[in-house]
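# Any chance you could fold what I've pasted below:
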Amino acid sequence: MILDFNFWGAVVLLALGIWVLVIIPGYSAGWGFILATPVIVIMGLLIWFCVFRLRVLRRGTLTWFTGFTHDVERHRPLPDRYPILLYTEMSQGYNPHYYVRFDGKRFQVYRDMRAKFQAEHENTIYLTPNGKVIVNVIPT
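Prediction:
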C-alpha cells in the first residue's frame, strides 16, 4: 500500500513539527534559529517523503495483470511457461523469501500478500501506476 501507516505517521510528524516551530521562543534573540534548524531539516525530509508517495498515486490509474498462477514452492523457477509464477527462496538463515514473477519482472511479496494468491487458479495482480509495487491480488 502506498498510503500506509508510514505515510500517515509522516503527516502527523509534520503537524507536530509545525506546532514545535510555532512554540519555539527566542527568534529575536537568535538562539531560536539554532533550535529550529534540526526541526526544519526533518520536516523537509518528511515533506519529500509525502510528496513522493502522493506523486506515485497521481501519475494515473492502477495497472493490472491477469493470468494463471503456478506455485513451484522451493523448486527452481521454470522458464516462462506460466503467466504468473510463485516461488520461495531460502536465505542463509533458512528464512523464506517469497517472490512472484510475471510480465518479465520479479517482485518480492511478503507473507500476507503471498496468502492472497491462489495457486493453480487465475489471479489478477494490481500494481501502482509506475508498476513497481503490488497493491493487491484478487483471485478471479
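# next helix or strand past the top strand by length along the chain?
Ranked by residue count, the top strand of the chain under DSSP state E comes out as strand 63-71. Counting by DSSP states H and E, the next helix or strand C-terminal to strand 63-71 is strand 84-90.
# and that next one with strand 63-71, angle?
Strand 84-90 runs at 60 degrees relative to strand 63-71, counting by axes from the mean of the first three to the mean of the last three C-alpha atoms, to 10 degrees.
# And the helix or strand that comes right after strand 84-90, what does it pack against?
Later in the chain than strand 84-90, the nearest helix or strand by DSSP H and E is strand 96-102. With contacts defined as 3 or more C-beta pairs under 8 Å, 6 or more residues apart in numbering; DSSP states H and E, strand 96-102 has these neighbours: strand 84-90, strand 105-109, helix 111-114. (Each C-beta comes from the backbone N, C-alpha and C, glycine too.)
# Tell me where the chain is predicted with low confidence.
Applying pLDDT under 70 to the chain flags residues 1-2, 25-30, 59, 76-80.
# Pull the residues that contact the longest strand of the chain.
Here strand 63-71 makes contact (C-beta atoms under 8 Å, 6 or more residues apart in numbering) with 78, 81-87, 102-103, 117-129, 131, 140.
# Ok, which of the helices and strands packed on strand 96-102 comes nearest Val41?
Val41 lies closest to strand 105-109 among the helices and strands packed on strand 96-102, at 31.6 Å (C-beta to C-beta).
# Tell me how far Lys132 lies from Asn95.
Separation of Lys132 from Asn95 (C-beta to C-beta, to the nearest Å): 24 Å.
# next one: Val41
36 Å.
# domain assignment for this protein?
5-58, 63-139 (automatic domain parsing).
# Let's have these in CSV, adding mean neighbour count.
Putting these into CSV (neighbours: other C-beta atoms under 10 Å) gives the following:
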stretch, mean neighbour count
domain 5-58, 13
domain 63-139, 14
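# Enumerate every residue touching Thr128.
2, 56-57, 62-63, 135.
# and which of these is nearest Thr37?
Nearest member of these to Thr37, counting by C-beta to C-beta, is Val56, at 29.8 Å.
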